[in-house]
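Novice: what shape does this take:
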Amino acid sequence: MAVALATAIFFELENLMQIYLVGGAVRDRLLNIPIKDRDWMVVGATPDELISQGFEQVGADFPVFLHPQTHEEYALARTERKSGKGYQGFDCRFSPDVTLEDDLQRRDLTINAMAQDDDGTIIDPYGGQQDLTQRLLRHVSPAFSEDPLRVLRVARFAARFAPLGFTVAEDTMRLMQRMVSDGELDHLVAERVWQETQRAISEAQPEVYFEVLRTCGALKVWFPELDVLFGVPQPEAHHPEIDTGVHALMSLTAASKMSTDIAVRWAALIHDLGKGLTPPEEWPRHIAHERRGIKPIKALNKRVKAPNDASTLALLSSEWHTHVHRAFELRGETLLKLFDGLDAWRKPERFEQFLIVCSADARGRTGLEDTSYPQAEYCREAFKEALSINAQDMIKQGLQGAEIRAGLTKARGQHLQQWKENQLPR
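Specialist: Have a look, this model is predicted:
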């Protein structure tokens, strides 16, 4: 077995030293899903003993060692004591007398607090196997509340395992709600929030991450521009789901079925933040929400430090998505403005990302999840037509300098208008 092999190549470690496969690898093996990474715990050892056997120590907060041959991570069994605010406020104690059970007790969820020895025996002191069977994400101990990052981790695990039927245990959700109300999440740093969020967005059901955060109150803390959308109505004729927050999550769901691109999924989620700024007296209509969305999208991107590609795509999607929805109505010169606004000439890949976001927006509506969206292909065809006229054509006509750009814009606009008029009725 893998554990026995790893033990065998552990050179000549002392007899009192014990090695266990721990965490996600044990959980995923029991769930019969592919194991991505394997982590090992060493009980009864010191850092010097591992280093003397050729292990490389990494990490400053607590000793983690890379195996000299497999390069897998081996960590000494440790305990933690809360010493400050946030997820970094811990004092770690590691020594040969820390037991396996001591180490497992400090972990977040019972399904992550199991170990496997070199004989294949599962050590499960906190009921992880039962919670796997019941499909529950349950905290191991009250110490869960000492680390606010665990709120986001539970939400991420909920998104990952939602296809298998997992939900957050009621007592764990209550604990997370208390952590939020106590202000613990205020001490998180943006980089870690985005790290967890990005990983959650990459899951098969990313919308569950935001649903869990909303239920426990964390969405309002770190994603207030998204949280405020819930309860804001839209015209039922176009949005049978009515609620704008529900539409945002449905758009994310639709995007996740069309693309694995984080930027696309993020933009689909937050493209309608402008609707959160519509005065209630104007509900359920949201006139000019496209431009209104620029400010809250910038604020959210800055708070969570979203990467530039995701931030830019979200801003462009907010400003231009309704142009694509109305593509069949647009004049040639307006189509050209769309391409200019998206800088599609230099960023054709981003233009394609944008069209996927628009498609996700159209399908992120109750009963319309599988609707066709011919506007996207129409815009692709129009862009190809626009590209068929280039600067060389203007030079051949004798234009020079600034005349080239002006002539190119005029010629493309006229060509697009003629192309549009030649299209079959739609």
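
Novice: near Phe230, how many other residues are there?
Specialist: Other residues near Phe230 number 16, with proximity taken as other Cβ atoms under 10 Å. From N, CA and C alone the C-beta is placed, and that goes for glycine too.

Novice: make sure it is indeed in a strand.
Specialist: No: remark: Phe230 does not belong to a strand; assigned using DSSP: H, G, I helix; E, B strand; the rest coil, it is coil.

Novice: give me the pLDDT for Ala327.
Specialist: As predicted, Ala327 sits at a pLDDT of 97.

Novice: in stretch 214-225, what's buried?
Specialist: Residues of stretch 214-225 classed as buried by neighbour count (16 or more other Cβ atoms under 10 Å): Arg214, Cys216, Gly217, Ala218, Leu219, Lys220, Val221, Trp222, Phe223, Glu225.

Novice: then stretch 326-338?
Specialist: For stretch 326-338, by 16+ other Cβ under 10 Å, it's Ala327, Leu330, Gly332, Thr334, Leu335, Leu336, Lys337, Leu338.

Novice: pretty sure the second one contacts Phe339?
Specialist: Just to be clear, that refers to Leu330. No: contact criterion Cβ atoms under 8 Å: Leu330 and Phe339 do not qualify, at 11.0 Å.

Novice: which residue ranges of the stretch 251-400 of the chain form strands?
Specialist: When secondary structure is read from DSSP state E, counting those that start in this stretch, the stretch 251-400 of the chain shows no strands.

Novice: ranges for the helices of it?
Specialist: Ranges of helices in the stretch 251-400 of the chain, per DSSP state H, counting those that start in this stretch, are 262-270, 289-292, 294-304, 308-325, 332-341, 348-363, 374-387, 391-396.

Novice: and the fifth one, how far from the chain's centre?
Specialist: I take that to be helix 332-341. 31 Å (Cα atoms, centre = their mean, to the nearest Å).

Novice: contact partners of it?
Specialist: 316, 319-320, 323-324, 327, 330, 345, 351, 379, 382-383, 386, 409, 412-420 (Cβ atoms under 8 Å, 6 or more residues apart in numbering).

Novice: quick one: that helix to helix 308-325, angle?
Specialist: 170 degrees (axes from the mean of the first three to the mean of the last three Cα atoms, to 10 degrees).

Novice: for the stretch 251-400 of the chain, give me the ranges with low pLDDT.
Specialist: Nowhere does the stretch 251-400 of the chain drop to pLDDT under 70.

Novice: go with 80
Specialist: 391, 393, 400 (pLDDT under 80).

Novice: so Asp118 touches Met17, yeah?
Specialist: No: counting by Cβ under 8 Å, Asp118 does not reach Met17; the two are 11.7 Å apart.

Novice: follow-up on the earlier one: so can I have CSV of the buried residues of stretch 214-225 showing pLDDT and distance to Leu188?
Specialist: Formatted as CSV, these follow (pLDDT from 0 to 100; distance: Cβ to Cβ, whole Å):
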residue, pLDDT, distance to Leu188
Arg214, 98, 17
Cys216, 98, 14
Gly217, 98, 14
Ala218, 98, 9
Leu219, 98, 13
Lys220, 98, 14
Val221, 98, 9
Trp222, 98, 7
Phe223, 98, 12
Glu225, 98, 17
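
Novice: looking at those, which is nearest Val357?
Specialist: Taking Cβ to Cβ as the measure, Val357 sits nearest to Glu225 out of the buried residues of stretch 214-225, at 17.2 Å.

Novice: tell me which element the closest one falls in.
Specialist: helix 224-227 (DSSP states H and E).

Novice: most tightly surrounded among the helices of the stretch 251-400 of the chain?
Specialist: Of the helices of the stretch 251-400 of the chain, the one with the most neighbours on average (mean count of other Cβ atoms under 10 Å) is helix 262-270, at a mean of 28.

Novice: for that helix, packing partners?
Specialist: Packing contacts for helix 262-270, counted by 3 or more Cβ pairs under 8 Å, 6 or more residues apart in numbering; DSSP states H and E, involve helix 190-201, helix 224-227, helix 244-258, helix 308-325, helix 348-363.

Novice: run the last query once more with 7 Å
Specialist: helix 190-201, helix 244-258, helix 308-325, helix 348-363 (3 or more Cβ pairs under 7 Å, 6 or more residues apart in numbering; DSSP states H and E).

Novice: beta partners for the residue nearest to Leu100 when sequence neighbours are not counted?
Specialist: Among residues not flanking Leu100 along the chain, Val43 sits closest, at 5.4 Å (Cβ to Cβ, 6 or more residues apart in numbering). The partner list for Val43 in beta bridges (DSSP bridges) reads Gln18.

Novice: now for Val43: which residues touch it?
Specialist: Neighbouring residues of Val43 by Cβ atoms under 7 Å, 6 or more residues apart in numbering: Gln18, Ala77, Thr99, Leu100.

Novice: and what of Ile201?
Specialist: Ile262, Arg265, Trp266.
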